[in-house]
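K.L.:
model the structure of this input:
(one chain, ligands or ions: 1)
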Amino acid sequence: ALYTAPSQLPNSKKYDYIIVGGGTAGNVIATRLSENASKNVLVIEAGPSNLDFEEAAIPFVCVELSPNTPEDWNYTTVPQPGLNERSINYPRGRLLGGSSSINYMIWNTGSTEDWNRYATVTGDSGWSWNSVQPIIKSIESLVPPADHHDTTGQVIPSLHGTSGPVGISLQGYPSLLDNRTIATTKELPAEFPYNEDMNSGFPLGLGWPQFSVADGTRVSSATAYLEPALNANRSSLDVLINTQVTKLIQTGTSQGAPVILGVQFAQSASGPFYAKNATTEVIVSAGSIGSPQLLMLSGIGDKKALAKFSIKSVVNLPDVGQNMQDHTVLPNAWSINASFTPDDIARNATLFDEVLTQWATTQTGQFATPPATNIGWFRIPNDSSIYKTTKDPSPGPNSPHYEFIFAVFDSFAEPEPTSGHYMIISTNLFSPTSRGSVTLASTNPFDFPLIDPALLDSAFDIFTITEAVKAAQRFMAAPAWDGFQLGQYGDFAGVTSDAAIEQYARNSAATVFHPAGTAYMSPYNAPHGVTNPDLTVKGTKGLRVVDASIFPYIPSMHPQGFVYVVAERVARLIEARQ
Ligand SMILES: Cc1cc2nc3c(=O)[nH]c(=O)nc-3n(C[C@H](O)[C@H](O)[C@H](O)COP(=O)(O)OP(=O)(O)OC[C@H]3O[C@@H](n4cnc5c(N)ncnc54)[C@H](O)[C@@H]3O)c2cc1C
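P.N.:
Residues are numbered from 1 along each chain as shown. You can find the predicted model right below:
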């Protein structure tokens, strides 16, 4: 059942599993574990229901769901040296489905080398590409795009699942850029080859992304997993929303290790505070910011750092909150020779209502598809000068250093122009060497922690994003764009030299919203890391962390698909033990 206040929870019910955070990973695990009718599962989610936000279901308006909205935590970073000391917005979903309810829906499942590196650095072959293939297929359900166009040559259906909970589809409405983008892969195939399916394990090249969209509607872990179970009145699954877990509580000691089966929770800093114990496990799925914050508040973290806040150490794990990695976005705008782009919809209330009504009645039209059109994945050249000082940080030669995302409007660039027509190529850094951190700002769980993703904070990162911008400029100089692109626009106008690109990047870049690594997994018995390969927390009993924080290296593509895989795998590990 769904509860909106702690006082509504059935008093006598015992929960085998308590899951902190009804986000991307949390809902997958909760739904899987509660399939066993004899196991009771309680999910505690800080935010409200995703159903409270109708707009969250509309793919195209995803860019309006954050920052500074009720469905976002509304974090900001500490000043970023790599971004000329700017503090930037740092969105995270705060509603059922978590970030999968507000993200941009790009669906990637990784390069072979991403997963094989996880297997190597954890010593667990269960994380290898071959091992996760059946899991990926079991999650996905490839469905037709909203406009039912012929997708031959745009996706390889045999690579995908057809009956999993997460519906995925290609772009559901054509864009002005499509023909030109694909034509460029034919004009400049050496640098920008076409890739028929970037989710084959070999993502390099440019092609058509899949999105977590089905029937013209967003698919999140709330819609794909939790809702069907709640709608079926599954008695083994309870979900408590609008309630934040404020502390994990040690309930005993086993073989010298603290047993952590208790959670404390409240709806506001002034309380009242409630507590509950799980009988088998507490699973923390509060995301890359929330999970390390909660661990540290509970005495699980760097003993010395916690002592400064007079927090008693339960387990000394110095890597909690460290090793933070994120991808950097840099939207580059060009003016285009077009008479109509989706910007016109935002500028005209009547038209906006028409497009919205079309979506509401038939889930078709411009709003039925996310803003990204094509995506490309590329590497810096093997003879790049940066390799004299930096080892290649990518997972391997078949994995990208940077990404192009194409979008035919300007809403990513600031300030939003009130007239004219534009396109964007976002040149995004996907192989950062920078490492940041999440640390406590206070002992109040309702205060935000200090978030430092360290964007563009290394020579490699700034080198690579500069190379990416130059590559985008070469792309736009291809004949396919003659007469269509009218020159770089806005802050990007006139930016050509390496030095100018670097300054432009430092002034304009932000996050692709992919924080990872703050509770990273390492081999059993390793002195470093936070979680074991099965995602149990080192030095504890009864406690796991399962979300994007567990990646030792940030995925080299968009991470939501990876998070679903991690959650499904751990649910299977737990079920196998029952
Ligand atoms: C704006 C945006 C766009 C993105 N676009 C894409 C994209 O196009 N493709 C892609 O692959 N990825 C994208 N991502 C990233 C992707 O969505 C995330 O990496 C992924 O969803 C993270 O899953 P998670 O389970 O780690 O955390 P989340 O899904 O964020 O879940 C954490 C949950 O825990 C809750 N919580 C936190 N603390 C507590 C607490 N103390 N008590 C109770 N509950 C708590 C939160 O409210 C949240 O519901 C985007 C993210 C954002 C924010």
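
K.L.:
stretch 162-174 and the ligand in contact?
P.N.:
No - applying Cβ under 6 Å from any ligand atom, one finds stretch 162-174 separated from the ligand by no less than 11.2 Å. C-beta here means a position set from N, CA and C on the backbone, and glycine is covered the same way.

K.L.:
what's the mean pLDDT across that stretch?
P.N.:
Confidence for stretch 162-174, expressed as mean pLDDT, is 98.

K.L.:
report the buried residues of it.
P.N.:
164-173 (16 or more other Cβ atoms under 10 Å).

K.L.:
how is the closest residue to residue 221 other than its chain neighbours assigned, secondary-structure-wise?
P.N.:
Excluding the flanking residues, the one nearest residue 221 by Cβ to Cβ, 6 or more residues apart in numbering is residue 27, at 3.9 Å. Under DSSP: H, G, I helix; E, B strand; the rest coil, residue 27 falls in the helix class.

K.L.:
and the buried residues of stretch 162-174 as TSV, adding secondary structure?
P.N.:
Output for these, formatted as TSV (three-state DSSP):
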residue	secondary structure
164	coil
165	coil
166	strand
167	strand
168	strand
169	strand
170	strand
171	coil
172	coil
173	coil
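
K.L.:
in the stretch 451-578 of the chain, which spans are strands?
P.N.:
For the stretch 451-578 of the chain, strands defined by DSSP state E, counting those that start in this stretch occupy the ranges 485-488, 510-511, 543-545.

K.L.:
could I get those in JSON lines, plus columns for mean neighbour count, mean pLDDT and distance to the ligand?
P.N.:
Putting these into JSON lines (neighbours: other Cβ atoms under 10 Å; pLDDT from 0 to 100; distance: least, Cβ to the nearest ligand atom, whole Å) gives the following:
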{"stretch": "strand 485-488", "mean neighbour count": "16", "mean pLDDT": "97", "distance to the ligand": "25"}
{"stretch": "strand 510-511", "mean neighbour count": "22", "mean pLDDT": "97", "distance to the ligand": "8"}
{"stretch": "strand 543-545", "mean neighbour count": "27", "mean pLDDT": "98", "distance to the ligand": "10"}
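
K.L.:
quick one, helices of the stretch 1-150 of the chain?
P.N.:
24-33, 112-122, 129-139 (DSSP state H, counting those that start in this stretch).

K.L.:
show the contacting residues for residue 492.
P.N.:
Going by Cβ atoms under 8 Å, 6 or more residues apart in numbering, residue 492 touches 332-334, 413, 504, 508.

K.L.:
so which of the strands of the stretch 451-578 of the chain comes closest to residue 377?
P.N.:
strand 510-511 (18.6 Å; Cβ to Cβ).

K.L.:
which strands border that closest one, and is each parallel or antiparallel?
P.N.:
Using DSSP bridges, strand 510-511 pairs in its sheet with strand 328-329 (antiparallel).

K.L.:
quick one: contacts of the strand it pairs with?
P.N.:
412, 426, 428-429, 432, 455-456, 461, 465, 509-512.

K.L.:
off-centre distance for it?
P.N.:
13 Å (Cα atoms, centre = their mean, to the nearest Å).

K.L.:
next SSE downstream of that strand?
P.N.:
Counting by DSSP states H and E, the next helix or strand C-terminal to strand 328-329 is strand 331-336.

K.L.:
can you show me the CA trace of that next one as PDB?
P.N.:
Only the C-alpha atoms of strand 331-336 are listed here, as PDB (Å, rounded to 0.1, in the frame of the first residue of the first chain):
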ATOM      1  CA  PRO A 331      25.800  23.100 -25.100                       C
ATOM      2  CA  ASN A 332      27.000  24.800 -28.300                       C
ATOM      3  CA  ALA A 333      24.400  26.700 -30.300                       C
ATOM      4  CA  TRP A 334      24.300  27.500 -34.000                       C
ATOM      5  CA  SER A 335      21.700  29.800 -35.700                       C
ATOM      6  CA  ILE A 336      19.900  27.900 -38.400                       C
END
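
K.L.:
contacting residues around the residue of the stretch 351-500 of the chain found nearest the ligand?
P.N.:
Per Cβ to the nearest ligand atom, residue 445 is where the stretch 351-500 of the chain lies closest to the ligand, at 6.6 Å. Residues in contact with residue 445, defined by Cβ under 8 Å, 6+ apart, are 244, 246-247, 269, 293-294, 297.

K.L.:
coming back round to it: now the helices of the stretch 1-150 of the chain in a markdown table, with mean pLDDT?
P.N.:
Converted to a markdown table, those look like this (pLDDT from 0 to 100):
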| stretch | mean pLDDT |
| --- | --- |
| helix 24-33 | 98 |
| helix 112-122 | 98 |
| helix 129-139 | 98 |
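
K.L.:
show me what residue 376 bridges to in the sheet.
P.N.:
residue 206, residue 404.

K.L.:
that one: neighbouring residues, count only.
P.N.:
30 (other Cβ atoms under 10 Å).

K.L.:
could I get the pLDDT score of it?
P.N.:
98.

K.L.:
got it, and residue 450?
P.N.:
With respect to pLDDT, residue 450 has a value of 99.

K.L.:
can I assume it is in contact with residue 440?
P.N.:
Yes - using Cβ atoms under 8 Å, residue 450 is in contact with residue 440, at 7.3 Å.

K.L.:
higher neighbour count, those two?
P.N.:
Between residue 450 and residue 440, residue 440 has the larger neighbour count (other Cβ under 10 Å), namely 22 against 16.

K.L.:
phi, psi of that one?
P.N.:
phi -70, psi 140 (degrees, to the nearest 10).

K.L.:
quick one, what contacts it?
P.N.:
293, 296-297, 305-306, 309, 311, 449-450.

K.L.:
and if we set it to 10 Å?
P.N.:
292-293, 296-297, 301, 305-306, 308-309, 311, 321, 447-450 (Cβ atoms under 10 Å, 6 or more residues apart in numbering).

K.L.:
and residue 356, by the same measure?
P.N.:
Residue 356 touches 55, 58, 60-61, 345, 365-367, counting by Cβ under 10 Å, 6+ apart.

K.L.:
just the buried residues of the residues you listed.
P.N.:
58, 60-61, 345, 365-367.

K.L.:
dump those residues to a markdown table, plus pLDDT and distance to the ligand.
P.N.:
Formatted as a markdown table, these follow (pLDDT from 0 to 100; distance: Cβ to the nearest ligand atom, whole Å):
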| residue | pLDDT | distance to the ligand |
| --- | --- | --- |
| 58 | 97 | 14 |
| 60 | 95 | 13 |
| 61 | 93 | 12 |
| 345 | 91 | 20 |
| 365 | 97 | 20 |
| 366 | 96 | 18 |
| 367 | 96 | 16 |
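
K.L.:
dump those residues to JSON lines, plus distance to residue 532.
P.N.:
Formatted as JSON lines, the buried ones among the contacts of residue 356 follow (distance: Cβ to Cβ, whole Å):
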{"residue": "58", "distance to residue 532": "40"}
{"residue": "60", "distance to residue 532": "41"}
{"residue": "61", "distance to residue 532": "40"}
{"residue": "345", "distance to residue 532": "49"}
{"residue": "365", "distance to residue 532": "48"}
{"residue": "366", "distance to residue 532": "46"}
{"residue": "367", "distance to residue 532": "44"}
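
K.L.:
perfect, that will be all.
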